[in-house]
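1. Quick one, structure for this:
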Amino acid sequence: MPPERVTAAASPNTRSSTWRATGLIVVSASGFGAIPILTTIATRSGGSLLNILSWRYLMGTVLLALLAGTTASLRAPLRRLAPVFVFAGGAQALIAFVSLSALAYLPAASLSFLFYTYPAWVAVLATVRGTERLTGPRAAALGLALAGIWVMVGGPRVGSLPPVGVALALVSAMAYALYIPMIGHYQEQMSESIAAVYSALGAGVILLAIDVLTHRATLALHPQTWMAIGAMALWSTAIAFIAFLRGLRVLGPVRTAIVSTVEPFWTALLGTWVLRQPLTPTTLGGGVLIAAAVILLQWRRAAE
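-> Below you'll find the predicted structure:
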């Protein structure tokens, strides 16, 4: 996106649009934040991670296509669709698989903190590329958001963690930081529906191909596993993707990344409700800091 112009005051319509976009990103974060919970439920029922991710994305593709309304709305020149399928789909597959693979080396708290360095990478990349300005309020909001995550999951002493696990977590964070502006670029050339459908399809096909090559692909899954996969396909893929892309179009990569840091708070809330995990004071404190970051970000944006 081009650098934003500073105006004396934002119009009511602009403020309303910004708040709606922020709400959409929060909705998408709630869907993405449910993935660890639903994945836990699915794997407890005997599903393999690769199999779960494959069917989640492929089922999600069908649901996204249904949400698009008509087949005509999904048509675009092949030269535009191919990069979305290959690069955006490949990035999604990489992020999902690599981040969850890091759990073999890291505790969940350490992985969460390392992965959620991605807003900082987004801000740095956007500043280096000159596509957005890292203003004082944005830097303050970013600091609050990262502080909230630090309080929520506990800042790990990186030097004491296995290097392989740290590398996997940071690669997934950097891949996500690259994915956000990349999908934003693609959706400038096509609708959110097309970008979401073909990126999800690309991820599903890539993961299923790997699953087939490793001889683990199967439809013989426990009903509870299928229910969890279906929930991920609907909520964490179809609804979350559309909400994310529509919010991204208005907010841009930096603000989208900062607002998306509410995701671990949603994960904590769902963990308490579904898995009966305790909601600790540190989780609540981190959530307050993240909420403060979102409020600061929007209040300062309205004043620009």
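
2. residue nearest the centroid of this protein?
-> When C-alpha atoms, centre = their mean is applied to the chain, the residue found nearest the centroid is Phe32 (5.8 Å).

3. so which strand or helix has that one?
-> Taking DSSP states H and E as the definition, Phe32 sits inside helix 12-33.

4. neighbouring contacts of that helix?
-> Contacts with helix 12-33, where a contact means C-beta atoms under 8 Å, 6 or more residues apart in numbering, come from 10, 235-237, 239-241, 243-244, 246-251, 256, 259-267, 270, 294, 298, 301-302. Backbone N, C-alpha and C define where each C-beta goes, glycine included.

5. Let me know the average pLDDT across that helix.
-> Mean per-residue pLDDT for helix 12-33: 84.

6. buried residues in it?
-> Neighbour counts over helix 12-33 (16 or more other C-beta atoms under 10 Å) mark 18, 21-22, 24-33 as buried.

7. same deal with stretch 208-223?
-> 208, 210-211, 217, 221.

8. Pick out the most distant pair among those.
-> Ile210 and Leu221 (17.4 Å; C-beta to C-beta).

9. Keeping just the C-alphas, turn stretch 261-280 into PDB.
-> Extracted C-alpha coordinates of stretch 261-280, given in PDB (Å, rounded to 0.1, in the frame of the first residue of the first chain):
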ATOM      1  CA  THR A 261      -2.000  -9.900  18.300                       C
ATOM      2  CA  VAL A 262      -5.300 -10.400  20.100                       C
ATOM      3  CA  GLU A 263      -5.100 -13.900  18.700                       C
ATOM      4  CA  PRO A 264      -3.200 -15.500  21.700                       C
ATOM      5  CA  PHE A 265      -5.700 -13.900  24.000                       C
ATOM      6  CA  TRP A 266      -8.500 -15.700  22.100                       C
ATOM      7  CA  THR A 267      -6.500 -18.900  22.300                       C
ATOM      8  CA  ALA A 268      -6.300 -18.500  26.100                       C
ATOM      9  CA  LEU A 269     -10.000 -17.800  26.400                       C
ATOM     10  CA  LEU A 270     -10.900 -20.800  24.300                       C
ATOM     11  CA  GLY A 271      -8.400 -23.000  26.200                       C
ATOM     12  CA  THR A 272     -10.200 -22.100  29.400                       C
ATOM     13  CA  TRP A 273     -13.600 -22.800  28.000                       C
ATOM     14  CA  VAL A 274     -13.000 -25.900  25.900                       C
ATOM     15  CA  LEU A 275     -10.000 -27.500  27.400                       C
ATOM     16  CA  ARG A 276     -10.600 -26.300  31.000                       C
ATOM     17  CA  GLN A 277      -7.100 -24.600  31.100                       C
ATOM     18  CA  PRO A 278      -6.800 -22.000  33.800                       C
ATOM     19  CA  LEU A 279      -7.100 -18.300  32.900                       C
ATOM     20  CA  THR A 280      -4.200 -16.900  34.800                       C
END
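
10. On the pLDDT front, check Thr70 for me.
-> At Thr70, pLDDT is 48.

11. again, but for Ala203
-> pLDDT, Ala203: 91.

12. filter the contacts of helix 12-33 to the buried ones?
-> Looks like those have 235-237, 239-241, 243-244, 246-251, 256, 259-267, 270, 294, 298, 301 buried, using 16+ other C-beta under 10 Å.

13. So what's the residue count around Ala82?
-> Close neighbours of Ala82, defined as other C-beta atoms under 10 Å, add up to 12.

14. Which element, helix or strand, includes it?
-> Judged by DSSP H and E, Ala82 forms part of helix 78-83.

15. what pLDDT, on average, does that helix get?
-> In this model, helix 78-83 carries a mean pLDDT of 69.

16. next structured bit after it?
-> helix 89-101.

17. what's the offset of stretch 282-302 from the middle of its chain?
-> 18 Å (C-alpha atoms, centre = their mean, to the nearest Å).
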